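*Asks:* here is the input, now give the coordinates:
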Amino acid sequence: MKIATYNVNGVNGRLEVLLSWLERASPDVVCLQELKAPDAKFPVKAIEAAGYGAIWHGQKGWNGVAILEKGREPLLIRRGLAGDPDDLHSRYVEAAIDGMVIGCLYLPNGNPYPGPKFDYKLAWFKRLAEYADELLALKVPVVLAGDYNVMPTELDVYKPERWVDDALFRVEVRDAYRELVEQGWTDALRHLNPGKRVYTFWDYFRNAYGRDAGLRIDHFLLSPGVAERLVKAGVDKDVRGWEHTSDHAPVWIELADDMPKRRRRK
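*Replies:* The predicted model follows:
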């Protein structure tokens, strides 16, 4: 099973890029972020014509998340992250697919630091951690995928010294991510690429993509049962070089259909 996450940076403006990538990569499930479209403007007909059902949680001009499933519509579990009924940002959607819970998230950017946007980011991170802990307690297979807007370590940013006061790299944010992972989640891309520089985002400015001056901010966190099925993970980096493309590249994992057989004790 192939699951992907992709911050499209405007689903309608980049629709041709998305459809071309879907045709080439043929993932079974896709988590999309930054739709930048209200619910009524989500391009559901084009997505369905490409062979995917969809659920989405949109917002005019900003944010927005969606989950696509090949061949059928995902079963919606929730729209919006628990913990703050006054938070109307479209940053979380969750579905049940093939016995798994798949949460698609778009964590706040948080800049500038310091300020209310940074405070909101930390508060959102806290809510995510509380909800993620509840999901683990259910003992069901869970994938939390999306744009986390955090570089967890210095290995995940091209020049760490330039980012120390950025909301994507502040120590408070990295600590929040570390504490989330330590609940029992596996960071899939890092798990299969230990010690390797792997980026998922390249800014539009200063030829960042050409210089490979990137960031790793798009992540898959897997519950223990799902992590045991993890066989591959990667980034479709070349998509970032396409014309009129997002500043993110699609990230993906592959899961074995069955749990690996445990060795019998002699």
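*Asks:* can you tell me which residues contact Ile47?
*Replies:* Going by C-beta atoms under 8 Å, 6 or more residues apart in numbering, Ile47 touches 53-54, 68. Any C-beta I mention is one placed from the backbone N, CA and C, and that applies to glycine too.
*Asks:* most neighbours of all those residues, which one?
*Replies:* Leu68 (27 neighbours; other C-beta atoms under 10 Å).
*Asks:* next, the most centrally placed residue in the chain: secondary structure please.
*Replies:* When the chain is reduced to its mean C-alpha position, the nearest residue by C-alpha atoms, centre = their mean turns out to be Gly146, at 1.0 Å. Put simply, Gly146 is strand when judged by DSSP: H, G, I helix; E, B strand; the rest coil.
*Asks:* which parts of the stretch 1-150 of the chain are helices?
*Replies:* Per DSSP state H, counting those that start in this stretch, the stretch 1-150 of the chain carries helices over the ranges 15-25, 44-49, 116-137.
*Asks:* looking only at pLDDT, what's the mean for the shortest one?
*Replies:* Per-residue pLDDT values over helix 44-49 give a mean of 98.
*Asks:* circling back: what's the closest non-adjacent residue to the residue nearest to the centre of the chain?
*Replies:* Take Gly146 and drop its neighbours on the chain: the residue closest to it by C-beta to C-beta, 6 or more residues apart in numbering is Leu105, 4.0 Å away.
*Asks:* residues near that neighbour, how many?
*Replies:* 25.
*Asks:* quick check: the gap between Gly225 and Met100.
*Replies:* Using C-beta to C-beta, to the nearest Å, Gly225 is found at 9 Å from Met100.
*Asks:* next one: Glu23
*Replies:* When Glu23 is compared with Met100 (using C-beta to C-beta), they lie 24 Å apart.
*Asks:* can you list the buried residues in stretch 78-88?
*Replies:* Across stretch 78-88, burial judged by 16 or more other C-beta atoms under 10 Å covers 79-81, 87.
*Asks:* likewise stretch 239-259?
*Replies:* Within stretch 239-259, the residues that count as buried by 16+ other C-beta under 10 Å are 239-240, 245-255.
*Asks:* equivalent analysis for stretch 98-113, please.
*Replies:* For stretch 98-113, a neighbour-count test (16+ other C-beta under 10 Å) marks 100-110, 113 as buried.
*Asks:* right, and Leu32 touches Val8 too?
*Replies:* Yes: counting by C-beta atoms under 8 Å, Val8 is a contact partner of Leu32 at 5.5 Å.
*Asks:* before we move on, the earlier item: any residues in contact with both of Gly225 and Met100?
*Replies:* In contact with both Gly225 and Met100: 140-141, using C-beta under 8 Å, 6+ apart.
*Asks:* help me confirm that the residue nearest to Gly146 comes into contact with Val143.
*Replies:* No: with contact defined as C-beta under 8 Å, Leu105 does not reach Val143; the gap is 10.8 Å.
*Asks:* ok, now which ones touch Arg197?
*Replies:* 155-156, 158.
*Asks:* which one of those residues is nearest Ala4?
*Replies:* Using C-beta to C-beta, Asp156 is the member of those that lies nearest Ala4, at 19.1 Å.
*Asks:* the closest one - nearest residue in space that isn't next to it in sequence?
*Replies:* Closest to Asp156 by C-beta to C-beta, 6+ apart is Arg216, at 3.8 Å.
*Asks:* quick one, what contacts the one you found?
*Replies:* Contact analysis of Arg216 by C-beta under 8 Å, 6+ apart lists 151-152, 155-157, 189, 198-201.
*Asks:* where in this protein is pLDDT low?
*Replies:* Along the chain, the parts satisfying pLDDT under 70 run over 259-266.
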